[in-house]
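just to be clear, the model below is a prediction. Sequence and coordinates:
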Amino acid sequence: MGFSEAFKAFWGNYANFSGRASRSEYWYAWLAVWLIFFVLGIFSYVSEFIYYVDGLLGLIVLLPMISLGVRRLHDTNKSGWFILMALIPLVGWIIMLVFYCTAGDRGANRFGEDPLAK
């Protein structure tokens, strides 16, 4: 999955907590969101309005990022509830990074078909 396809899938599945998301879909979407925040962060030094737009965008992408994380966990055959491990300071983030970097299951698993098999 390419960069633009991943970003479209990110917004197309903004509240979809079922199914699976491949590693490329997950990381390309993260990259796109990070780049947007980076550019807005630079412009926020010029205008206070952009600073508030940046904060509003953070609230807007919160739900899609959580749903993407849950679908990424599903791809590794883990329950979406594992996302709550991110609430554990430091250790939780490291564990989640390992989960998100782990290759997904080949073929179907209990959460659906392989997203790369399409």
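Thanks, I have the structure now.

secondary structure element holding residue 53?
In this structure, residue 53 sits in helix 48-75 according to DSSP states H and E.

show me the shaky parts of this structure.
For the chain, the stretches with pLDDT under 70 are 118.

returning to what we had before: other SSEs contacting the helix holding residue 53?
helix 3-12, helix 23-43, helix 91-101 (3 or more Cβ pairs under 8 Å, 6 or more residues apart in numbering; DSSP states H and E). Bear in mind the C-beta positions are built from the backbone N, C-alpha and C, glycine included.

tabulate those (TSV), appending distance to residue 72 and mean neighbour count.
Shown next, in TSV, are the helices and strands packed on helix 48-75 (distance: least, Cβ to Cβ, whole Å; neighbours: other Cβ atoms under 10 Å):
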stretch	distance to residue 72	mean neighbour count
helix 3-12	11	15
helix 23-43	4	16
helix 91-101	6	14
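
using CSV, please lay out those together with distance to residue 65.
Output for the helices and strands packed on helix 48-75, formatted as CSV (distance: least, Cβ to Cβ, whole Å):
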stretch, distance to residue 65
helix 3-12, 8
helix 23-43, 7
helix 91-101, 12
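
nearest to residue 117, out of these?
For these, distance to residue 117 was read as Cβ to Cβ. The smallest value, 13.3 Å, belongs to helix 23-43.

any chance you could list what contacts the closest one?
When contacts are defined by Cβ atoms under 8 Å, 6 or more residues apart in numbering, helix 23-43 is touched by residues 1-3, 5-7, 9-10, 50, 53-54, 57-58, 61, 65, 68-69, 71-72, 75, 100-101, 103-104, 115.

at 6 Å instead, please
1, 3, 6, 7, 9, 10, 50, 54, 61, 68, 72 (Cβ atoms under 6 Å, 6 or more residues apart in numbering).

ok and that helix relative to helix 48-75, angle-wise?
Orientation of helix 23-43 against helix 48-75 (axes from the mean of the first three to the mean of the last three Cα atoms, to 10 degrees) gives an angle of 170 degrees.
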